[in-house]
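A.B. asks: Fold the following and give me the result.
(one chain, ligands or ions: 1)
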Amino acid sequence: MLTVALPKGRIAKETLEIFEKIFGSEFAFDDRKLILDTPDFRFLLVRNQDVATYVHRQAADIGVVGLDTLEEQGLDVIRLLDLRKGVCKVAIGMKKGEKLDLTKPELKVATKMVNITKHYFEQRAVSVDIIKLYGSIELAPLVGLADMIVDIVETGTTMKQNGLEVVEEIMESSTYLIANKNSYIAKKDEILSIYEKIKNVIKNG
Ligand code: PRP
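C.D. replies: Numbers count the residues shown, from 1 in each chain. Alright, predicted model coming up:
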């Protein structure tokens with residue numbers, strides 16, 4: 001029996017569809033229920049930012065989460081497979097026409113992804129003032145809260161509609177299948193079996 005942590009929303013739905021394809025039966029959470037029990041799997045519905053925590057602490061054996069979130073959180077889990085879904089970028093955005101000038105003192109950067117941002121600027125030996133926000137990041141440069149943002153860009157629509165543009169790409173991201181290190185040893189056959197099956201579904205579209 002494997003416990004699988006899934007992030008609420010589209011990714012959970014898409015992952016359950018993969019399981020449906022593999023096993024030929026229906027996998028769906030009832031209404032507001034957060035646990036879905038099937039003969040071989042127990043699925044947990046958690047917040048995207050909590051998936052790696054459940055897996056890291058072995059409340060789940062495996063999980064599905066974005067690479068951006070994994071990089072941001074830095075929790076020690078095994079990255080088993082790129083599911084090639086939820087493809088996006090983490091990028092620096094500025095008001096259209098503005099240029100990224102790292103020599104400017106006291107640059108203010110608004111982001112939800114404080115660690116990725118810190119790492120990016122530290123690597124370039126630039127000291128910046130990082131302003132942690134929880135959403136609607138694109139607003140910050142428009143009202144003078146920040147000079148730039150570090151945020152997720154998927155279609156680019158949010159930046160465009162708010163008069164921002166990407167000035168630098170920091171990393172590419174997509175959804176990954178992850179595993180707890182101890183589970184990977186204790187339940188190796190089960191984990192590798194589902195890994196292979198998911199890999200085949202991904203490969204064949
Ligand atoms: C994410 C991200 C951008 C937007 C990018 O926000 O923070 O705002 O999606 O997508 P796009 O390039 O396709 O427009 P989310 O929907 O998670 O909302 P939030 O930032 O307000 O939490």
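
A.B. asks: for the longest strand belonging to the chain, packing partners?
C.D. replies: Ranked by number of residues, the top strand in the chain under DSSP state E is strand 164-173. Helices and strands touching strand 164-173, by 3 or more Cβ pairs under 8 Å, 6 or more residues apart in numbering; DSSP states H and E, are helix 67-73, strand 88-95, helix 114-123, strand 148-153. Any C-beta I mention is one placed from the backbone N, CA and C, and that applies to glycine too.

A.B. asks: so how far is the next helix or strand after that strand from its chain's centroid?
C.D. replies: Using DSSP states H and E, the helix or strand that follows strand 164-173 towards the C-terminus is strand 175-179. How far strand 175-179 lies from its chain's middle: 10 Å, per Cα atoms, centre = their mean, to the nearest Å.

A.B. asks: average pLDDT for the helix or strand following strand 175-179?
C.D. replies: Downstream of strand 175-179, the next assigned helix or strand under DSSP H and E is helix 181-186. Averaging pLDDT along helix 181-186 yields 98.

A.B. asks: what's the helix or strand that comes right after helix 181-186 packed up against?
C.D. replies: Helices and strands here follow DSSP H and E; after helix 181-186, the next one along the chain is helix 188-203. Judged by 3+ Cβ pairs under 8 Å, 6+ apart, helix 188-203 is in contact with strand 2-7, helix 10-23, strand 78-82, strand 175-179.

A.B. asks: Show me which positions of helix 188-203 end up buried.
C.D. replies: By 16 or more other Cβ atoms under 10 Å, the buried positions in helix 188-203 come out as 190-191, 194-195, 198.

A.B. asks: which among these gets closest to the ligand?
C.D. replies: residue 198 (24.8 Å; Cβ to the nearest ligand atom).

A.B. asks: List the contacts of the closest residue to that closest one other than its chain neighbours.
C.D. replies: Counting by Cβ to Cβ, 6 or more residues apart in numbering, residue 198 lies nearest to residue 18, which is 5.9 Å off, once chain neighbours are set aside. Each residue near residue 18 by Cβ atoms under 8 Å, 6 or more residues apart in numbering is listed here: 83, 198, 201-202.

A.B. asks: one step back: comparing the helices and strands packed on helix 188-203, which stretch has the densest surroundings?
C.D. replies: strand 175-179 (a mean of 24; mean count of other Cβ atoms under 10 Å).

A.B. asks: what's the angle from it to strand 88-95?
C.D. replies: Strand 175-179 runs at 130 degrees relative to strand 88-95, counting by axes from the mean of the first three to the mean of the last three Cα atoms, to 10 degrees.

A.B. asks: tell me the angle of strand 175-179 relative to helix 10-23?
C.D. replies: 70 degrees.

A.B. asks: So what touches strand 175-179?
C.D. replies: Contacts for strand 175-179 (Cβ under 8 Å, 6+ apart): 11, 51-52, 55, 61-67, 70, 77-86, 191, 195, 198.

A.B. asks: if we go to 6 Å?
C.D. replies: 11, 55, 62-64, 66-67, 77-83, 85-86, 191 (Cβ atoms under 6 Å, 6 or more residues apart in numbering).

A.B. asks: cool, and stretch 34-48?
C.D. replies: With Cβ under 6 Å, 6+ apart as the criterion, stretch 34-48 contacts 2-8, 29, 54, 60.
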